[in-house]
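1. pasting the structure only:
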């Protein structure tokens, strides 16, 4: 059974970026958006425990029936976050793919979209490898802080270009709201010296009403019946309020490209719909944080890397190139240990990996192959919703 927890802001929200207030050079802390998976998981598990009558003192001692269900920290117990989905007016949104560029008119409006292409191999610090090239007018810019609708993503996965109406900017949903705060000494009713801080909250603009939809499974139908249909919870920094609607609903991924489009494909393009944790692969002598887990470099006669190869969902792939934003930094506060969590880097949402099939003659690109590639998340901590991947067509 899959539940959808649909969270909407009641007031402003604040989800602190990975830096700390006392870090060198930090004058103002921004809020990340959408909320981190760990923040959402903690708030939802706390709400479930409250409604199921959890004894939190026993829970902190790793006792009680609910400890096995809810887990703690990054261990989700029996629960599993299938996906964390940003939605506007009930329509699902996805991070804009990193290969999309926009060219602008004189009035600053977007005139046309373009896609990066993969050029011929060149000598680089990664080896003799292929790099993305811009096939767009001068002055074209990448789409930062944009999301794409399911219809737009379906066009993109088919190797086509989305329409401007299928892209939504962050500024259409939320606005930044600077805040100034002080540390307080409640016993003396005075301010603490040196504890002046600045933050930037998120406030809905009202132009595009949005929700954060968390798709969760792992609870029995008997326990689900004990949860209310609507409730409120405290979320993120300063415990800001969010309204919640709980329903039973399966998530619907975008449709796979048609077979006719697959015949034109050079290979497949893998798209991350959310953050992915590849740190375990790096710890086990993997190539790097940016590389797909389980992939290893292929070296030519000149001792240069030409590509990376590995297997996902039983499909043997050659990783030729990728287009990646900056790594997604994840930290936070450990409520049980009362100290900051270790800061880690994740592959960022919207990352793209261009792959060829190792056995393309015997196993061509088909809609069934694409669906197999996106059937399971990749990387570690997938119970937090990490590693959600879609497969599309790489068309030269």
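-> That came in fine, so what should we check first? None of the values given here were measured: they were computed from a predicted structure. Numbering: from 1, shown residues only.
2. ok, residue 155 - how many residues close by?
-> 18 (other C-beta atoms under 10 Å). For every residue, glycine as well, the C-beta is placed using N, CA and C.
3. same check, this time on the one 10 residues further on
-> Other residues within reach of residue 165, judged by other C-beta under 10 Å, total 9.
4. now the one 10 residues further on
-> If you count neighbours by other C-beta under 10 Å, residue 175 ends up with 15.
5. now swap in residue 124 and tell me
-> 12.
6. who does it bridge with?
-> Following DSSP bridges, residue 124 is listed with bridge partners residue 127.
7. residue 32 and residue 299, how far apart?
-> Distance, residue 32 to residue 299, using C-beta to C-beta, to the nearest Å: 39 Å.
8. comparing these two, which residue is more hemmed in?
-> A count of neighbours by other C-beta under 10 Å puts residue 32 above the other of residue 32 and residue 299, at 17 against 12.
9. and residue 85, that's in a strand?
-> Yes. Per DSSP: H, G, I helix; E, B strand; the rest coil, residue 85 lies within a strand segment.
10. excluding chain neighbours, give the residue nearest to it in space.
-> What sits nearest to residue 85 in space, not counting adjacent residues and going by C-beta to C-beta, 6 or more residues apart in numbering, is residue 213, at 4.3 Å.
11. and that neighbour, what does it touch?
-> 4, 5, 6, 7, 83, 84, 85, 86, 87, 92 (C-beta atoms under 8 Å, 6 or more residues apart in numbering).
12. could you do residue 233 as well?
-> Applying C-beta under 8 Å, 6+ apart, the residues contacting residue 233 are 7, 43, 44, 46, 47, 241, 242, 244.
13. and it, which of the three is it?
-> strand.
14. could you check how far it is from residue 251?
-> Taken as C-beta to C-beta, the span from residue 233 to residue 251 is 21 Å.
15. for the stretch 51-200 of the chain, which spans come out with low pLDDT?
-> For the stretch 51-200 of the chain, the stretches flagged by pLDDT under 70 are 105-111.
16. break down it into its helices, ranges please.
-> 56-60, 65-70, 150-157 (DSSP state H, counting those that start in this stretch).
17. would you reformat those as JSON lines and include distance to residue 271?
-> Below are those laid out as JSON lines (distance: least, C-beta to C-beta, whole Å):
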{"stretch": "helix 56-60", "distance to residue 271": "38"}
{"stretch": "helix 65-70", "distance to residue 271": "31"}
{"stretch": "helix 150-157", "distance to residue 271": "7"}
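18. most tightly packed of these?
-> helix 150-157 (a mean of 22; mean count of other C-beta atoms under 10 Å).
19. for it, give me every contacting residue.
-> Residues contacting helix 150-157 (C-beta under 8 Å, 6+ apart): 91-94, 97, 100, 148, 161-163, 166-167, 254-257, 269, 271, 370, 390-393.
20. so which of those residues are in strands?
-> Mapping the contacts of helix 150-157 onto strands (DSSP state E) picks out 91-94, 100, 148, 167, 269, 271, 390-393.
21. picking up where we left off before, closest one of the contacts of residue 233 to residue 225?
-> residue 47 (15.5 Å; C-beta to C-beta).
22. could you say which helix or strand holds that closest one?
-> Element membership for residue 47, per DSSP states H and E: helix 37-51.
23. tell me the buried residues in the lengthiest strand in the chain?
-> The longest strand of the chain (DSSP E) is strand 190-204. For strand 190-204, burial by neighbour count (16 or more other C-beta atoms under 10 Å) applies to 199, 200, 201, 202, 204.
24. quick one: these as CSV, columns for distance to residue 133 too.
-> Compiled in CSV, those are given as follows (distance: C-beta to C-beta, whole Å):
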residue, distance to residue 133
199, 40
200, 36
201, 40
202, 36
204, 39
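25. and the residues you listed, which is closest to residue 307?
-> Closest to residue 307, out of all of the buried residues of strand 190-204 and judged by C-beta to C-beta, is residue 202, at 40.8 Å.
26. please verify my assumption that that closest one contacts residue 30.
-> No. Counting by C-beta atoms under 8 Å, residue 202 stays clear of residue 30, with 9.4 Å between them.
27. ok, now how distant is the most centrally placed residue in the chain from residue 137?
-> The chain has residue 274 as the residue nearest its centroid, 2.1 Å off, counting by C-alpha atoms, centre = their mean. As judged by C-beta to C-beta, residue 274 and residue 137 stand 31 Å apart.
28. which residues touch residue 166?
-> Counted by C-beta under 8 Å, 6+ apart, residue 166 has contacts 148, 149, 151, 152, 155.
29. quick check: the fourth one vs residue 39, distance?
-> The reference is to residue 152. 27 Å.
30. check the third one too.
-> In this structure, residue 151 lies at 29 Å from residue 39, with C-beta to C-beta as the measure.
31. count the residues that sit near the nearest residue to residue 112 once chain neighbours are set aside.
-> Among residues not flanking residue 112 along the chain, residue 103 sits closest, at 5.2 Å (C-beta to C-beta, 6+ apart). Counted by other C-beta under 10 Å, the residues lying close to residue 103 total 15.
32. picking up where we left off before, now the two most distant members of the contacts of residue 233.
-> Longest span within the contacts of residue 233, C-beta to C-beta: 44 and 241, 14.6 Å.
33. look at the two and report which has more neighbours.
-> Ranked by neighbour count (other C-beta under 10 Å), residue 44 and residue 241 place residue 44 first, with 22 against 15.
34. residues touching that one, list them.
-> 5, 214, 216, 233.
35. start and end of stretch 303-320, how far apart?
-> 17 Å (C-alpha to C-alpha, to the nearest Å).
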